[in-house]
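In: Based on what follows, work out the 3D shape:
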Amino acid sequence: MTPIAPISAAPIIEAPSAGGLTQTPQGAGAGEFRSLLNSAMQHVSSAQNSADAAVQSFLNGETDEIHSTILATQRADLEFEMFIQVRNKVVSAYQEIMRMQV
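Out: Sure, this is the predicted structure:
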């Protein structure tokens with residue numbers, strides 16, 4: 001399984017001025033959100049790596065505990081599903097904001 005790549009930041013575009021659109025660096029809130037998102041992606045990725053290691057350990061005969069292997073894979077699956085649902089909510093909120101009339 002390939003690791004999840006971090007999202008690169010896009011510049012924030014301010015309201016049009018006399019010279020047209022201008023780009024500004026991201027504010028402190030955007031940096032905090034990015035670090036929170038990166039940490040969540042790293043957590044999901046480490047859970048998936050842990051589950052892969054548990055499966056490989058079981059398949060190689062290094063452990064006989066199938067229940068711990070199944071728990072690790074289910075935990076990784078649940079964390080991934082939760083991350084996807086949070087992502088869907090963030091995208092939905094962004095789309096709703098974009099539909100708002102100013």
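
In: buried set for the one helix or strand Ser35 maps to?
Out: Assigned by DSSP states H and E, Ser35 belongs to helix 28-59. By 16 or more other CB atoms under 10 Å, the buried positions in helix 28-59 come out as Leu37, Ala40, Met41, Val44, Ser45, Ala47, Gln48, Ala51, Ala54, Phe58. C-beta coordinates here come from the backbone N, C-alpha and C atoms, glycine included.

In: Hmm, Phe83 and the fourth one touching each other?
Out: Yes: under the criterion of CB atoms under 8 Å, Val44 is in contact with Phe83, at a separation of 5.0 Å.

In: re earlier: would you convert the buried residues of helix 28-59 into CSV that also reports pLDDT?
Out: Converted to CSV, those look like this (pLDDT from 0 to 100):
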residue, pLDDT
Leu37, 85
Ala40, 90
Met41, 91
Val44, 93
Ser45, 94
Ala47, 94
Gln48, 95
Ala51, 95
Ala54, 93
Phe58, 92
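
In: Looking at those, which one is closest to Arg99?
Out: Leu37 (22.9 Å; CB to CB).

In: about what we covered before: ok now the helix holding Ser35, how far from the chain's centre?
Out: 8 Å (CA atoms, centre = their mean, to the nearest Å).

In: tell me the mean pLDDT over the next helix-or-strand element following it?
Out: The C-terminal neighbour of helix 28-59 among helices and strands, as given by DSSP H and E, is helix 66-99. Taken as a whole, helix 66-99 has a mean pLDDT of 93.

In: Excluding chain neighbours, what is closest to the residue nearest the centre of the chain?
Out: For the chain, the residue nearest the mean C-alpha position is Met41 (3.9 Å; CA atoms, centre = their mean). If the residues on either side of it in the chain are set aside, Met41 comes closest to Ile4, at 5.0 Å by CB to CB, 6 or more residues apart in numbering.
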